[in-house]
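In: Can you look at this prediction? I've put the sequence above it.
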Amino acid sequence: MSKLKALPLLDPEVAEGVVPCCPPLTERPLTAEEAERTAAMFKALGDPVRLRLFSLVASHEGGEACVCDISNVGVSQPTVSHHLKKLKEAGLLTSERRGTWVYYRVEPSVMAAMGQMLTAAAPVA
């Protein structure tokens with residue numbers, strides 16, 4: 001039995017006030033600025049360790065995860081910190097220090113914006 005869990009995307013109606021990183025790919029060509037911003041997000045997710053960390057945070061109970069709960073991804077702790085920093089720089093994660101631990105979360109607007117961009121790009125059969 002698989003323990004894989006689909007990452008939730010917000011319903012477009014729920015994400016009404018969300019300003020996406022860019023329009024749906026089928027709506028119009030991206031501007032240079034939109035392409036840069038979007039490429040940075042996908043580049044950050046293009047690394048398997050970063051994608052796994054992003055998935056761990058996104059699927060964690062309560063929508064946020066302590067770094068202590070997501071560090072077991074097969075790389076050293078300094079490498080985990082480096083990857084989390086890259087995800088934050090790309091605007092995919094936010095963090096909050098609580099005592100000695102740092103808690104990470106995926107902002108709902110990020111998931112909604114990425115979902116809106118990609119779901120509209122799927123061809124209708």
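Out: Thanks, I have the structure now. Numbering: from 1, shown residues only.

In: CA only for contacts and neighbour counts going forward, please
Out: Will do.

In: Nearest residue to the middle of the protein?
Out: Centrality entry for the chain: nearest residue to the mean C-alpha point is Leu92, 4.3 Å, by C-alpha atoms, centre = their mean.

In: For the protein, which segments are assigned as strands?
Out: Secondary structure of the chain by DSSP state E: the strands cover 64-66, 94-98, 101-105.

In: So in that sheet, which strands flank the shortest one, and in what orientation?
Out: With DSSP bridges as the test, strand 64-66 is paired with strand 101-105 (antiparallel).

In: Can you list the buried residues in the strand it pairs with?
Out: By neighbour count with 16 or more other C-alpha atoms under 10 Å, strand 101-105 contains the buried residues 103-105.

In: possible to save those residues as TSV with distance to Cys68 and pLDDT?
Out: Compiled in TSV, the buried residues of strand 101-105 are given as follows (distance: C-alpha to C-alpha, whole Å; pLDDT from 0 to 100):
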residue	distance to Cys68	pLDDT
Tyr103	9	95
Tyr104	11	96
Arg105	14	94
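
In: can I get the residues you listed in JSON lines with distance to Leu87?
Out: Output for those, formatted as JSON lines (distance: C-alpha to C-alpha, whole Å):
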{"residue": "Tyr103", "distance to Leu87": "13"}
{"residue": "Tyr104", "distance to Leu87": "10"}
{"residue": "Arg105", "distance to Leu87": "11"}
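
In: Out of the residues you listed, which is nearest to Glu61?
Out: When the buried residues of strand 101-105 are compared for distance to Glu61 (C-alpha to C-alpha), Arg105 wins out at 10.7 Å.

In: one step back: go through the strands of the chain and name the closest to Glu33.
Out: strand 94-98 (21.9 Å).

In: Just the residues contacting that closest one, thanks.
Out: Contact with strand 94-98 is made by 88, 102-107, as judged by C-alpha atoms under 8 Å, 6 or more residues apart in numbering.
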